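Undergrad: pasted the sequence and its predicted model underneath.
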Amino acid sequence: MSTFVLVHGAWHGAWCWHKVLPRLESAGHTVAALDLPAHGTDTTPVGEVTMDDHVERGGEVLEAQSDPAILVGHSTGGAVITQTAEAYTDEIDTLVYLTGFLLDDGEALLEYAEADEESVVTQSLVVDEEGGVATVEADALREAFYADCDDADVTLATSLLRPEPLAGLVTPMQTSDEGFGSLPRVYIGCEQDNAITPATQERMRKRLPCDDVRSIDSSHSPFLSAPEAVAEHLDGIA
């Protein structure tokens, strides 16, 4: 059995994995889902959070595991696991991008994301440079993130979202062949994604090929709408 460390995306928290985590544990795996700084129940002031803080949090969780972990990043969490892989290479077995940003050395997430003009997030993103945060317009949340989720899940999720620290979105990746580039990587795409569109997912995979590519017929949040499929893919990767 394997160890999984689950990293949520922007605005979300460890809570978003609440349907996936028990399914992986039932299959015999060890699973840790973390709150990045200023997300979920973490109380770090949002305007103070940097990408280095995200990496440090991920590293703390990785180092607490008894074996190298399969590190899973959803959406913006993809950038986090990429940078974490550079600093904690020996603590990681495999990188898994669940409709995640797969960025190359020198690329910043926000700049790359804004090139996806079909993304509902790009169309509805509100950046507060003075406050150091980014949000998504409330009336766009369902279409952007939860298009195939039921009403109860949408209500729960939208009530738990928090402003996203801007610093992590504008910090360029700093990676090397010896760090990030040395680890196996798997991409699980979402075919109905309105946040990171399928075309953008494919474009990232062409630039940085993955050892395995899988897909789920879901919106941007399969951990809510298709948790069985997410768990089955992760179990298969393990």
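TA: It's in. Residues are numbered from 1 along each chain as shown.
Undergrad: ok, which stretches of this protein are helices?
TA: In the chain, helices defined by DSSP state H lie at 21-26, 51-63, 77-87, 109-113, 120-124, 141-145, 151-160, 166-170, 198-207, 222-225, 227-237, listed in chain order.
Undergrad: what is the fourth one packed up against?
TA: This points to helix 109-113. Packing partners of helix 109-113 (3 or more C-beta pairs under 8 Å, 6 or more residues apart in numbering; DSSP states H and E): helix 166-170. For the C-beta atoms, the positions are set from N, CA and C on the backbone; glycine is no exception.
Undergrad: show me how far the helix it packs on is from its chain's centre.
TA: Relative to its parent chain, helix 166-170 has a centroid offset of 14 Å by C-alpha atoms, centre = their mean, to the nearest Å.
Undergrad: ok, back up a step: what would the helices of the chain look like in a markdown table with mean pLDDT and mean neighbour count?
TA: A markdown table is the format used below for these (pLDDT from 0 to 100; neighbours: other C-beta atoms under 10 Å):
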| stretch | mean pLDDT | mean neighbour count |
| --- | --- | --- |
| helix 21-26 | 98 | 17 |
| helix 51-63 | 98 | 19 |
| helix 77-87 | 98 | 26 |
| helix 109-113 | 94 | 19 |
| helix 120-124 | 97 | 20 |
| helix 141-145 | 98 | 20 |
| helix 151-160 | 98 | 14 |
| helix 166-170 | 96 | 20 |
| helix 198-207 | 97 | 16 |
| helix 222-225 | 98 | 26 |
| helix 227-237 | 98 | 19 |
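Undergrad: quick one: which of those is nearest residue 181?
TA: With C-beta to C-beta as the measure, helix 77-87 is the member of those nearest residue 181 (8.8 Å).
Undergrad: could I have the CA atoms of that closest one written out in CSV?
TA: Taking Å, rounded to 0.1, in the frame of the first residue of the first chain, the C-alpha atoms of helix 77-87 are listed here in CSV:
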residue,chain,number,x,y,z
GLY,A,77,-2.0,22.7,-6.1
GLY,A,78,-0.2,21.5,-9.2
ALA,A,79,2.1,24.5,-9.1
VAL,A,80,2.6,23.9,-5.4
ILE,A,81,3.6,20.2,-5.8
THR,A,82,5.9,21.1,-8.6
GLN,A,83,7.8,23.6,-6.5
THR,A,84,7.6,21.2,-3.5
ALA,A,85,9.2,18.5,-5.6
GLU,A,86,12.2,20.7,-6.1
ALA,A,87,12.8,21.2,-2.4
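Undergrad: name the residues that touch it?
TA: Defining contact as C-beta atoms under 8 Å, 6 or more residues apart in numbering, one finds that helix 77-87 is touched by 7-9, 36, 51, 54-55, 58-59, 62, 71-73, 92, 95, 97-98, 100-103, 109, 168, 173-176, 179-180, 183.
Undergrad: can you select the buried ones among those residues for me in PyMOL?
TA: Selection of buried members from the contacts of helix 77-87 for PyMOL, criterion 16 or more other C-beta atoms under 10 Å:
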select buried, resi 7+8+9+36+51+54+55+58+62+71+72+73+92+95+97+98+100+101+102+103+109+168+173+175+179+180+183
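Undergrad: show residues contacting stretch 46-56.
TA: The set of residues external to stretch 46-56 that reach it, using C-beta under 8 Å, 6+ apart, is 36-38, 44, 79-80, 83-84, 87-88, 131-133, 162-165, 167-168, 171.
Undergrad: start to end distance for that stretch?
TA: End-to-end distance for stretch 46-56: 16 Å, by C-alpha to C-alpha, to the nearest Å.
Undergrad: show me what counts as buried in stretch 122-136.
TA: Counting neighbours by 16+ other C-beta under 10 Å, one finds that the buried residues in stretch 122-136 are 122, 124-125, 127, 132-136.
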